[in-house]
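Q: After the sequence you'll find the predicted model.
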Amino acid sequence: MPVLPSWLAEPLWVQFKALLPERPTYDPAHPLGCHRSRVPDRIVFDKLLQVLRFGCSYDAIADTTCSATTLRTRRNEWITLGIFAQLKRIALDAYDRIVGLLLEDLAIDGCITKAPGGGELAGPSPVDRRKLGMKRSLLVEDYGIPLGRVLAPANRHDSPLLAPTLDLLDDLGPLPDDITIHLDAGYDSGTTRDLLDSRDLLGEIARKGVKAPVQATQRWHIERTNAWHNAFTRLARCYERCARVVEAFFDLADAIITVRSLIRRAWITHRWETRPSRPR
């Protein structure tokens, strides 16, 4: 079973390939010119998708076509070049151009996941008997398209992560004049309201002590996006120890989520020659 359907994997790979620098199959500096050829980038890309989706180790996914060392080396090379971040940015720009980002209503929330491997972003989880975990403070637009995230150890409270999460808005370009930030009861404090006021943002904050269904408002989109992220096992149970590797996998997951939503929504609003007979 493929990790992603072809209608989603192929557009991702075509754009990803366009961002890669030109590399010869054989190293021209080799004295004999007879060393093994470079492992194709497509094989490495497909295996990284499998690691992201299934959460398997590099050694488990390695085979005769690509070793675990090559996977890690090529992954680090692409991270250094900023390929994953560029892919996410391009996917987000394409979605905004074709469908349109709904930036008048944004939602922010924290989500705690497991990090049994420890590392730079791991900390004792307050909801899992102090086992190592990781928290992400996620920012999404009104449909649930991920706009960015701030990663921290699991023992960090949501409220202090609000300011760096709001800083992600600076990377989105022109913004509407009136933006409403939807938050849960964990942010119900005067500090949060002062922070939103200082940035000229409106706040729709759930009140402590009031049952959630009465005041759920427009926060369900971010809960759905958290579920989309947790469907990638590498993010729900992270063994990566290096922060930049975790960020790269999140960028790749965000690109997948954005392109998938773009294709599904564009099927209704746009027509093209190879348009399938029914939605994906």
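A: Thanks, I have it. Residues are numbered from 1 along each chain as shown.

Q: only C-alpha atoms for contact and neighbour calcs from this point on.
A: OK.

Q: Could you pull out the buried residues of the helix or strand Val245 falls within?
A: Assigned by DSSP states H and E, Val245 falls within helix 243-269. Using 16 or more other C-alpha atoms under 10 Å as the burial criterion, the residues of helix 243-269 that qualify are 246-263, 265-267.

Q: and if you look at stretch 178-190?
A: Thr180, Ile181, His182, Leu183, Asp184, Gly186, Tyr187, Asp188.

Q: Off-centre distance for that stretch?
A: 22 Å (C-alpha atoms, centre = their mean, to the nearest Å).

Q: swap in stretch 42-54?
A: 15 Å.

Q: Give me the buried positions along that stretch.
A: Going by neighbour count (16+ other C-alpha under 10 Å), the buried part of stretch 42-54 is Val44, Phe45, Asp46, Lys47, Leu48, Leu49, Gln50, Val51, Leu52, Arg53, Phe54.

Q: Which members of the residues you listed are positioned in strands?
A: Secondary structure defined by DSSP state E assigns none of these to strands.

Q: And those, which is closest to Ala227?
A: Closest approach between the buried residues of stretch 42-54 and Ala227, by C-alpha to C-alpha: Arg53, at 13.2 Å.

Q: who's in contact with the closest one?
A: Val3, Ala231, Phe232, Thr233, Arg234 (C-alpha atoms under 8 Å, 6 or more residues apart in numbering).

Q: The helix holding Val245 - contacts with which helices or strands?
A: Helices and strands touching helix 243-269, by 3 or more C-alpha pairs under 8 Å, 6 or more residues apart in numbering; DSSP states H and E, are helix 6-19, helix 68-81, helix 83-98, helix 233-236.
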